[in-house]
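> return a 3D structure for these sequence lines:
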Amino acid sequence: MLDGWLDFQRATLALKCDGLTPGQLREAAVPPSSLTLLGLVRHMAEVERSWFTMVLGGERGPFQYSSDDNPDGDFEVTDADPDEAFATWQAECADARRRAAAAPSLDVTGTTRRGEEVSLRWIMIHMIEEYARHNGHADLLRERIDGTVGV
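Presented below is the predicted three-dimensional model:
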């Protein structure tokens, strides 16, 4: 059930972006916010990596878009390539699915950067919440860009 709901939320973000031009994906549609659909895709690629690779997998490494010097780099999309961003996000989702499927149970744990121990179950629920919140943002962005609602 957790896998299904998480994949539903992932698919919802993809649907919110479907059919838009690169310029529309980069459009900050709710000024003064600089939030964009492409920024959400890049952000969710990093969120997938953070929770499944770094926390659950125990691997450390740099993020694709943000850094200590630029913590909001995932949202900075002025020159961002949508094809690269979607490929990165899809690769992170595929890796997350693989890691979740390989876990012996939902009770397996990982450790956050703050030293908190969280279970795969907690990560899955958190990811569903994270996507649901950002999909709400995506609803508003998409409607503002071209009037499309309900996708």
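> going forward, measure contacts and count neighbours with C-alpha atoms only.
OK.
> which pLDDT value goes with the closest residue to residue 144 other than its chain neighbours?
Once flanking residues are discounted, residue 144 sits nearest to residue 29: 6.0 Å by Cα to Cα, 6 or more residues apart in numbering. As predicted, residue 29 sits at a pLDDT of 82.
> swap in residue 151?
60.
> on that earlier part again, is it correct that the residue nearest to residue 144 falls within a helix?
No. Using DSSP: H, G, I helix; E, B strand; the rest coil, the assignment for residue 29 is coil, not a helix.
> measure residue 137 to residue 35 for me?
From residue 137 across to residue 35, the span is 9 Å (Cα to Cα, to the nearest Å).
> repeat that for residue 140.
If you measure residue 140 against residue 35 using Cα to Cα, the figure is 11 Å.
> what residue is smack in the middle of the chain?
Using Cα atoms, centre = their mean, the residue of the chain that lies closest to the mean C-alpha position is residue 44, 1.3 Å off.
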